[in-house]
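Q: Kindly generate the corresponding structure for this input.
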Amino acid sequence: MKPKHWFLSTLLVLLLVPNGFAAGGPSEWAPKDALIYCGIVNCDETWSSLQNTMSYKLFKDPAVKDIADPMSKVFENVKKYVAKKMDLDSVKELEIAPHGGVALFAVGAPPKADEDAPQIHFTAVMEMGPDHEKSVALLKKIAKSLQKKGARKESKKIAGTEVLTFKIPESTADDEATPNETDRRDEDLETLLEDMDLDPATQIMVAQFIDNASFTKISYAIYEKKLILGDDADVVIGTVRRLSQKSEDRLANDRAVKTTRKYCARNANVEFLLNLPAIFEISKSVDPENAKEMVAVGLDAMGPVVMTIEFAPEENIETRMRGFVSIKANSGSLANILRMQNIKTTPPPSVPNDTCTYFGINLNPKLILEEILKITERIDPVAAAQMRASMQITHQDGSTLLIGKDFIDQLLGPATFVMTATAPYETEQMNFFVSLQHRSQDAIRRVLGAMPPGTVLSNEMRGATIYESPMVPVPGLAIGVTERALIPLGTKKSIEAFIRSEGQADRGLAQNPAFRAAAKHVPKESTVVFYQDQLAWLDAEIAIRKKGDISLDAPPMFGTPAGDMLRLMVLQNGYEKIAPENLDAIRKYQSASLLTVSTEPEGLRLTAVAVPSVQKGK
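A: Here you go, the predicted model:
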């Protein structure tokens, strides 16, 4: 693998392969020191469940052909390219799939003497079921093609199983390639990318990924109807040994994985692990100085990230994700920042019923500032001193503002971001605000009152103060200070609604049927909450596109009201390539999603669920 691309390739595999760890399942096939692991417990069952989800049905609906057809074309073109590189007679030879469990994992080692990047090797273990014989035949054909190109064959036996490796020497694959061969390879890739019609950034990613898959080496074995395929013979041999013996070197036996099992599903469709401690050890061998900074931040206190994903349409659940990351107790700055205090997941009354996006986090601004200063002090004492000095502002009248003591220390969690959209989705019906709690209304007013004369205009409403500035380039924005909260940014209309709702109960998003349907599946207390109603976004997009006064082809210019900027944001919902007349047809596929993060004694628990949106009359 080309050193400069090892991280990109790792990330792309994570994105391209679906994310508890079932007893006796794929996690038994991967080693404890796997950097990354993705497992599908049973491909046939997972595929069956996935086909019943609204997301899959949406992709198959003719209404989204303007999105689905180009995506299908990408996959078809990649298959054609791969078939050509492998000297296959037909693309149909690639039309095989696993039917049981699948484990995909990566292991790492320090860089070789002449390289800067670590060695990363990917391996797949697959139960092919009915496609077993076809997959073996395909591997033999690929091996034969490699031998024609100069690949050397190596064979080793382990536990009565033959491990075959075919590798084209680098000098043969690269240095000795004729100019015509090099040109032909480049032309094949260029033709593929042109046919895909991708945006430039995606085109670069696809090109690098395909370029890394150099088709110069393959190592494989068949053990008890399991196909083991990788790019390194030693890893494949180790996998055969693990399967054939009662080895403790199994990911399922890892102590950290066992600890997190109670927070994840035991019989999920998909399993995922990101081994942060192992990645940290690899990074130390690559860049010791960078590793010292990671220790200063506290990254060495993080355990593996373990996640499970379920598709449960029969329970009226699109997807349900449960995850956990362990954090060592009393381990310093990063742990102190991340382990926030749990509060009720239910949003406060200030979050309106017509909210389409809501984010809340129970941060502690004072503690975060203190920990950031500690981290900076450990890494660069000079920078820390400069940072402290910059936190004191002297005004023209000689008075001093201490940003930490006079402002940051006065702020409290939770911090929230709220976006609302109400029919008919005109400028006045699109609003948002950001809010935090505070210790002292007077202290916050003093800070805002120190602004230069004429830059801020204020008016009172029910004991609260609303600040507006004629210097703000986006009309309609304001700042609000109430008895309990600071609203550092929001539309004036949303701030006025916030003031009217403060102190009230039994109202707002907490009473919304879509939110309530999702909230049944997450913890009642959490530190982080993210909610989005895709149907609310889509209804806004339908109305805005029908009116046609704003479009992505002619976006609002500088000085446009905040509500119209939000309307433009709605048009970037991911459906912009779908014809306007087809948008109504996909309303039935929309979902409401809710994600929470909760602090637990051993670390952080993540829960996410997507449920069908509550359909409203049109």
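
Q: Quick check: most distant residue from the centroid of the protein.
A: D397 (48.7 Å; C-alpha atoms, centre = their mean).

Q: and that one, that's in a strand?
A: No. Remark: D397 does not belong to a strand; assigned using DSSP: H, G, I helix; E, B strand; the rest coil, it is coil.

Q: any idea of the pLDDT on it?
A: Note for D397: predicted pLDDT of 72.

Q: What residues sit buried inside stretch 48-66?
A: Neighbour counts over stretch 48-66 (16 or more other C-beta atoms under 10 Å) mark S49, L50, T53, M54, Y56, L58, D61, A63, V64 as buried. Using the backbone N, CA and C atoms, a C-beta is placed for each residue, glycine as well.

Q: how about the helices of the stretch 351-500 of the chain, start to end?
A: 365-379, 381-389, 441-449, 492-501 (DSSP state H, counting those that start in this stretch).

Q: hang on, the earlier thing: could you work out the most separated pair of the buried residues of stretch 48-66?
A: For the buried residues of stretch 48-66, the farthest-apart pair by C-beta to C-beta is S49 and A63; their separation is 23.2 Å.

Q: What is the neighbour count of the residue nearest to E371 when sequence neighbours are not counted?
A: Among residues not flanking E371 along the chain, S333 sits closest, at 4.2 Å (C-beta to C-beta, 6 or more residues apart in numbering). Close neighbours of S333, defined as other C-beta atoms under 10 Å, add up to 21.

Q: And S333, how far from R320?
A: 33 Å (C-beta to C-beta, to the nearest Å).

Q: Ok, I542 next?
A: Counting by C-beta to C-beta, the gap from I542 to R320 is 29 Å.

Q: list the contacts for M419?
A: Neighbouring residues of M419 by C-beta atoms under 8 Å, 6 or more residues apart in numbering: T355, C356, T357, Y358, N431, F432, L566.

Q: Please list only the buried members of these.
A: Buried, going by 16+ other C-beta under 10 Å: T355, C356, T357, Y358, N431, F432, L566, out of these.

Q: between the residues you listed, which is nearest A423?
A: Once C-beta to C-beta is applied, the member of the buried ones among the contacts of M419 that ends up nearest A423 is C356, at 11.9 Å.

Q: quick one, phi/psi of the nearest residue to that closest one once chain neighbours are set aside?
A: Sequence neighbours aside, A536 is the residue nearest to C356 in space, at 3.7 Å (criterion: C-beta to C-beta, 6+ apart). Backbone torsions for A536, taken as degrees, to the nearest 10, come to phi -60, psi -40.

Q: right, and A536 touches D354 too?
A: Yes. Proximity of A536 to D354 meets the contact threshold set by C-beta atoms under 8 Å, at 7.4 Å.

Q: joint contacts of those two?
A: Common neighbours of A536 and D354, counting by C-beta under 8 Å, 6+ apart, are A421.

Q: Give me the more crowded residue out of the two.
A: For the pair A536 and D354, the greater number of neighbours falls to A536 (25 against 16), based on other C-beta under 10 Å.

Q: which sections of the stretch 51-200 of the chain are below the confidence cut-off?
A: Within the stretch 51-200 of the chain, the stretches with pLDDT under 70 are 170-190, 192-199.

Q: what about the strands in it?
A: Secondary structure of the stretch 51-200 of the chain (DSSP state E, counting those that start in this stretch): strands located at 102-109, 119-127, 152-158, 161-167.

Q: Most tightly packed of these?
A: Sort the strands of the stretch 51-200 of the chain by mean neighbour count, taking mean count of other C-beta atoms under 10 Å, and strand 102-109 sits at the top with a mean of 24.

Q: quick one: that strand to strand 119-127, angle?
A: 160 degrees (axes from the mean of the first three to the mean of the last three C-alpha atoms, to 10 degrees).

Q: Can you spell out which helices and strands pack onto the longest helix anywhere in the chain?
A: With secondary structure taken from DSSP state H, the chain has its longest helix at helix 65-85. When contacts are defined as 3 or more C-beta pairs under 8 Å, 6 or more residues apart in numbering; DSSP states H and E, helix 65-85 packs onto helix 179-196, helix 200-212.

Q: CA-only coordinates of it in CSV, if you can.
A: Provided in CSV are the C-alpha atoms of helix 65-85 (Å, rounded to 0.1, in the frame of the first residue of the first chain):
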residue,chain,number,x,y,z
LYS,A,65,-34.2,8.0,-10.2
ASP,A,66,-32.2,11.3,-10.6
ILE,A,67,-30.2,10.3,-7.5
ALA,A,68,-30.4,6.5,-7.7
ASP,A,69,-29.4,6.1,-11.4
PRO,A,70,-26.1,8.0,-11.1
MET,A,71,-25.2,6.0,-8.0
SER,A,72,-26.0,2.7,-9.7
LYS,A,73,-23.9,3.8,-12.6
VAL,A,74,-20.9,4.4,-10.3
PHE,A,75,-21.1,0.9,-8.9
GLU,A,76,-21.5,-0.6,-12.4
ASN,A,77,-18.5,1.3,-13.8
VAL,A,78,-16.3,0.3,-10.8
LYS,A,79,-17.2,-3.3,-11.4
LYS,A,80,-16.3,-3.0,-15.1
TYR,A,81,-13.0,-1.4,-14.1
VAL,A,82,-12.2,-4.2,-11.6
ALA,A,83,-13.2,-6.9,-14.0
LYS,A,84,-10.9,-5.5,-16.6
LYS,A,85,-8.0,-5.2,-14.2
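
Q: Flag every buried residue along it.
A: I67, A68, V74, N77, V78, K79, K80, Y81, V82, A83, K85.

Q: Among these, which one sits closest to R605?
A: Closest approach to R605 among those (C-beta to C-beta): I67, at 34.3 Å.

Q: Give me the below-cutoff pLDDT ranges for this protein.
A: Along the chain, the parts satisfying pLDDT under 70 run over 1-24, 170-190, 192-199, 201-203, 205-215, 331, 503, 506, 555-558, 615-618.

Q: And the strands in the stretch 401-550 of the chain?
A: 411-421, 430-438, 457-461, 464-468, 477-481, 485-491, 525-526, 528-533.

Q: Throw those strands into a markdown table and include distance to E248, thanks.
A: Output for those, formatted as a markdown table (distance: least, C-beta to C-beta, whole Å):
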| stretch | distance to E248 |
| --- | --- |
| strand 411-421 | 43 |
| strand 430-438 | 49 |
| strand 457-461 | 67 |
| strand 464-468 | 63 |
| strand 477-481 | 59 |
| strand 485-491 | 53 |
| strand 525-526 | 36 |
| strand 528-533 | 36 |
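
Q: hmm, who's touching stretch 534-553?
A: With C-beta under 8 Å, 6+ apart, stretch 534-553 has contacts from 354-357, 421, 423-425, 430, 514, 556, 564, 567-568, 570-573, 575-576, 580, 583-584, 586-587, 590-593, 613-616, 618.

Q: Select from the contacts of M419 every entry located in strands.
A: When those are checked against strands (DSSP state E), the matches are T355, C356, T357, Y358, N431, F432.

Q: Which two among the residues you listed are spaced furthest apart?
A: Spanning the widest gap among the ones in strands among the contacts of M419 are Y358 and N431, at 12.9 Å by C-beta to C-beta.
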